[in-house]
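>>> based on what follows, work out the 3D shape:
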Amino acid sequence: MAVERLRQEAFELQSEQRASKATVAAGARAVDVPGLMQADPGTRARTMSALQRGAGNAAISRALRPTLARTLGAEQADHIAEEVHDGVEGWGTDEDQIYSAMAPVTAADLPQLSGVYRGKFDADLVEDLRDDLDEDAIQANIAALRRSGPDATAYELQEAMEGLGTDEGRIYRALSGVGDAELPAIEAAYTARTGNNLRADLEDELNTEEFRRLPVYQAIGLDAVAQQVHDAVEGMGTDENAIYGALAGRTQEAIDQIAAAYLRMYGTFMIDDLIDDLNEDEMARLATLSPAFAPEGAAGADSGAPTAVAVQLRDAMEGIGTNEAAVCAALSNRSPADIVAIKAAYLALTGRELEVDLRDDLSGDDLQRALAQLGMAQTITETDTELGGLMFGNFDFSFSGGAVTVTARLKFEFRDDVPVDERDPFKTRFLNAARTTWEHPPFGLHGEGACPTPDVPVEIQVLEDDANPHKVVDVTNDERREHVIIEVNVSKHTTDKTIAHEFGHVLGLCDEYDGGFENLMFWHENRADDPTGIMNNGTEYRARYFESLRQRVQAAAPPGCVYHVVRTR
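Numbering: from 1, shown residues only. Predicted coordinates for the structure are as follows:
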């Protein structure tokens, strides 16, 4: 067996990858910073990403740290310092006075204003503010101290993992829409806040299945095959059929890439773990399935052949029960040409169509995943669901024809105090406000790796349906606080902006504004640092609003396929 050769090739391939990264780092450190600042946004973004990956976030901070411009006049800074100090001094705190004084101050102004404040009162401006105001109030009302960018995401992750229990949903929302380019800055910000490694903390707080739901850390392409092999040898017992299925029929080049990925991901040689977990007869069978595991100068009878994969599929589905993991592994990351050959070999081996047997033995997401691996269209439907979001949400979900469609049906009921001639105009206004905001959102899903549908548009249908509604819209003439529980409770005076916000609850989204004591309630996912989001007090979309849709599509995606929420316009 070519054990030493496999170890050496895996090590050499991993070394080549490291050398490539080192080259990128050297180039990034030599970047022309003044020229970079004058470059177009696309060039600047690509160069910044290279610098982050190569030289690290500390280097990017040193290289691009701007000279803070004094945007406050001396008299204005002096007046603001006086107003803030007066607001925090003595009995009680005058929040409104502080907020008004700090309104024109930006983050760039803070060093100047802090210096003035210390010179006048021998005190720290930021410490005085944080001593007298709670953090949510600061985030909602003082823009200069508002968390933003990577630090805001790092804060959300820190809060989700601190204390008793872990808020998994908050973690998923925080990392929704985050890609490889953004991750290094977030990891650096998290380390700056906590002193810890973000990935290590996530792996500690989440179980394996929960961690793999994070798209930014999911295995893509052949990395997923390495992950399948590791899963098969890890823990109690060994899933031999999953190993055979994952490695059967792979070319020498593919096996080398899988072995290098295994070494990079787990720090051990795949061949060593296989030898530890498989007995001599099992290793001999593996040698018949892939030339990489045969003795030097020899090759297995079915080396590289679709028949090897067909045998694994038959063995995984015959007898009592079905080994879903082995089926998935056998079909994972195969080319379209490979799939055609495997289907033909399966028919020749069993006399049955592979698709027919898969439909007989699998169901739910396991079946949808296998069909996708065969290159067939997926159809996933959920009715009367909130997809794990706010329990008062209710809609239908469909992933069909490569697109996600969410449908919410509404029925309007008017109290007697609403004039009859005002009911249809309000109904029209409500539907228009919800549709204008939500029907064609500027976000969709983009798939990396072995995804059957690389780009998935999202459409949200808002329909009036008196016969079969998801929600009843209860309308009164009196002013009331709008809210969504069993019904959507509004008044005829409710603004279009508030209608759009309340409809977000129908989609399973929680409130994000600073709600005082309500911040502790289950319908709040506080993002006081992000006041312009629709679910806060603004009108802007956020990637996290579409995270539950991504997770539902991802649940049935084949290994090596990772979907991200992305802006489409």
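>>> shaky segments in this structure?
In the prediction, the chain carries residues with pLDDT under 70 at positions 1-71, 296-304, 517-520, 522.
>>> all strands of it, in order?
Using DSSP state E, the strands assigned to the chain run over residues 379-385, 395-400, 403-414, 443-449, 455-456, 458-464, 471-476, 483-484, 488-491, 561-567.
>>> which strands and helices lie in contact with the fifth one?
Contacting strand 455-456 under the criterion 3 or more C-beta pairs under 8 Å, 6 or more residues apart in numbering; DSSP states H and E are the following elements: strand 443-449. Heads up, the C-betas are built off the backbone N, CA and C, glycines and all.
>>> and what of the second one?
Packing contacts for strand 395-400, counted by 3+ C-beta pairs under 8 Å, 6+ apart, involve strand 379-385, strand 403-414, helix 547-555.
>>> give me the angle between that strand and helix 547-555.
Regarding strand 395-400 and helix 547-555, their directions subtend 40 degrees when assessed with axes from the mean of the first three to the mean of the last three C-alpha atoms, to 10 degrees.
>>> please renumber the chain so that the first residue is 44 from this point on.
Okay, using 44 as the starting number, the last item reads as strand 438-443.
>>> so what strands line up beside strand 438-443?
Looking at strand 438-443 with DSSP bridges, its paired strands and their directions are strand 422-428 (antiparallel), strand 446-457 (antiparallel).
>>> contact partners of stretch 478-489?
220, 447, 497-505, 539, 543, 546-547, 550, 577, 582, 584, 586, 588-589, 592-593, 596, 606-612 (C-beta atoms under 8 Å, 6 or more residues apart in numbering).
>>> stretch 509-523 now?
Everything outside stretch 509-523 that qualifies as a contact, by C-beta under 8 Å, 6+ apart, is 427, 437-439, 451-458, 460-462, 466, 469, 473, 527, 529-536, 549.
>>> okay, how far is it across it, tip to tip?
Using C-alpha to C-alpha, to the nearest Å, one end of stretch 509-523 lies 24 Å from the other.
>>> and it, what's buried?
Of the residues in stretch 509-523, those scored as buried under the neighbour-count criterion (16 or more other C-beta atoms under 10 Å) are 512-514, 516-519.
>>> ditto for stretch 463-473
469-470, 473.
>>> cool, and stretch 130-150?
130-131, 136-137, 141-142, 144-145, 148.
>>> how far does that stretch stretch from start to finish?
Using C-alpha to C-alpha, the end-to-end distance of stretch 130-150 comes to 20 Å.
>>> contacts for it?
For stretch 130-150, the external contacting residues (C-beta under 8 Å, 6+ apart) are 114-115, 119, 122-123, 126-127, 129, 156, 171-172, 174-176, 180, 184-189.
>>> now, which of these lie within helices?
Where the contacts of stretch 130-150 overlap with helices, as defined by DSSP state H, the overlap consists of 119, 122-123, 126-127, 129, 156, 171-172, 174-175, 180, 184.
>>> most neighbours among the residues you listed, which one is it?
Val127 (26 neighbours; other C-beta atoms under 10 Å).
>>> state the distance from it to Glu482.
Remark: distance between Val127 and Glu482 (C-beta to C-beta, to the nearest Å) = 45 Å.
>>> please apply the same query to Phe435.
Taken as C-beta to C-beta, the spacing of Phe435 relative to Glu482 amounts to 21 Å.
>>> ok, these two, which is more surrounded?
For the pair Phe435 and Glu482, the greater number of neighbours falls to Phe435 (19 against 12), based on other C-beta under 10 Å.
>>> wait, what's in contact with that one?
429, 527-529, 548, 566.
>>> one more time with 6 Å
With contacts defined as C-beta atoms under 6 Å, 6 or more residues apart in numbering, the neighbours of Phe435 are 527-528.
>>> again, but for Asp194
Counting by C-beta under 6 Å, 6+ apart, the residues that Asp194 touches are Ala232.
>>> quick one on the thing from earlier: any chance of the helices and strands packed on strand 438-443 in a markdown table, plus distance to Asp194 and mean neighbour count?
As requested, the helices and strands packed on strand 438-443 are arranged in a markdown table below (distance: least, C-beta to C-beta, whole Å; neighbours: other C-beta atoms under 10 Å):
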| stretch | distance to Asp194 | mean neighbour count |
| --- | --- | --- |
| strand 422-428 | 34 | 13 |
| strand 446-457 | 31 | 19 |
| helix 590-598 | 20 | 22 |
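>>> quick one: the nearest residue to Trp566 once chain neighbours are set aside and Val515, what's the gap?
Across the structure, with C-beta to C-beta, 6 or more residues apart in numbering as the measure, the residue nearest Trp566 apart from its sequence neighbours is Cys553 (5.4 Å). Distance from Cys553 to Val515, counting by C-beta to C-beta: 21 Å.
>>> for Lys163, same thing?
Distance from Lys163 to Val515, by C-beta to C-beta: 59 Å.
>>> same deal with Glu367?
Following C-beta to C-beta, the distance that separates Glu367 from Val515 is 41 Å.
>>> ok, Cys604 next?
Noted for Cys604: a distance of 39 Å to Val515, by C-beta to C-beta.
>>> if we can go back for a sec, I'd like the strands paired with strand 438-443 as TSV, with distance to Asp282 appended.
Formatted as TSV, the entries for these read as follows, by distance: least, C-beta to C-beta, whole Å:
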stretch	distance to Asp282
strand 422-428	26
strand 446-457	33
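>>> nearest to Ile298, of the ones you listed?
Ile298 lies closest, by C-beta to C-beta, to one member of those: strand 422-428, at 33.0 Å.
>>> identify the residues contacting His273.
Contacts for His273 were tallied using C-beta under 6 Å, 6+ apart; they are Tyr309.
>>> let me fix that: Arg595
Applying C-beta under 6 Å, 6+ apart to Arg595 gives the contacts Leu430.
>>> so how far is Glu252 from it?
Distance of Arg595 to Glu252, computed by C-beta to C-beta: 15 Å.
>>> same question, Ile318
Relative to Glu252, Ile318 is positioned 28 Å away (criterion: C-beta to C-beta).
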